[in-house]
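# need a structure here:
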Amino acid sequence: MRVVIVTESYPPDVNGVAHCALQTARHLARRGHHPLVIAPAPAPGVRVPTDGPAPVVHIPS
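As a prediction, this is how the structure comes out:
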């Protein structure tokens with residue numbers, strides 16, 4: 001199943017919302033689903049991890 005996770009925060013942010021969204025994406029991917037994360041764009045110069053469990057679409061916040 002394709003699932004979209006829309007979140008206000010996602011790694012590299014470090015907070016409860018980012019952690020919960022990441023764990024949810026991992027959980028879905030391990031069970032064969034295809035999550036897609038929609039998250040705010042990180043601050044300029046911040047390195048965005050590319051090895052996550054789901055593709056991430058960054059949008060302006």
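# what about the helices in this structure?
In the chain, the segments counted as helices under DSSP state H are 16-30.
# what pairs with the lengthiest strand in it, and is each one parallel or antiparallel?
Counting residues, the longest strand found in the chain (DSSP state E) is strand 34-40. Within its sheet, strand 34-40 is paired with strand 2-6 (parallel), strand 56-59 (parallel), according to DSSP bridges.
# quick check: buried residues in that strand?
Judged by neighbour count using 16 or more other Cβ atoms under 10 Å, the buried positions of strand 34-40 are 35, 37, 39. C-beta: built from backbone N, CA, C; applies to glycine.
# save the strands paired with strand 34-40 as a markdown table, and put in distance to residue 44, mean neighbour count and mean pLDDT too.
Output for those, formatted as a markdown table (distance: least, Cβ to Cβ, whole Å; neighbours: other Cβ atoms under 10 Å; pLDDT from 0 to 100):
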| stretch | distance to residue 44 | mean neighbour count | mean pLDDT |
| --- | --- | --- | --- |
| strand 2-6 | 23 | 12 | 97 |
| strand 56-59 | 12 | 14 | 95 |
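# so can I have CSV of the ones you listed showing distance to residue 18?
As requested, these are arranged in CSV below (distance: least, Cβ to Cβ, whole Å):
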stretch, distance to residue 18
strand 2-6, 11
strand 56-59, 11
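# which one of those strands lies nearest to residue 21?
Each of the strands paired with strand 34-40 has some distance to residue 21 by Cβ to Cβ; the shortest is strand 2-6, at 5.7 Å.
# contacts for that closest one?
Defining contact as Cβ atoms under 8 Å, 6 or more residues apart in numbering, one finds that strand 2-6 is touched by 21, 24-25, 28, 33-39, 54.
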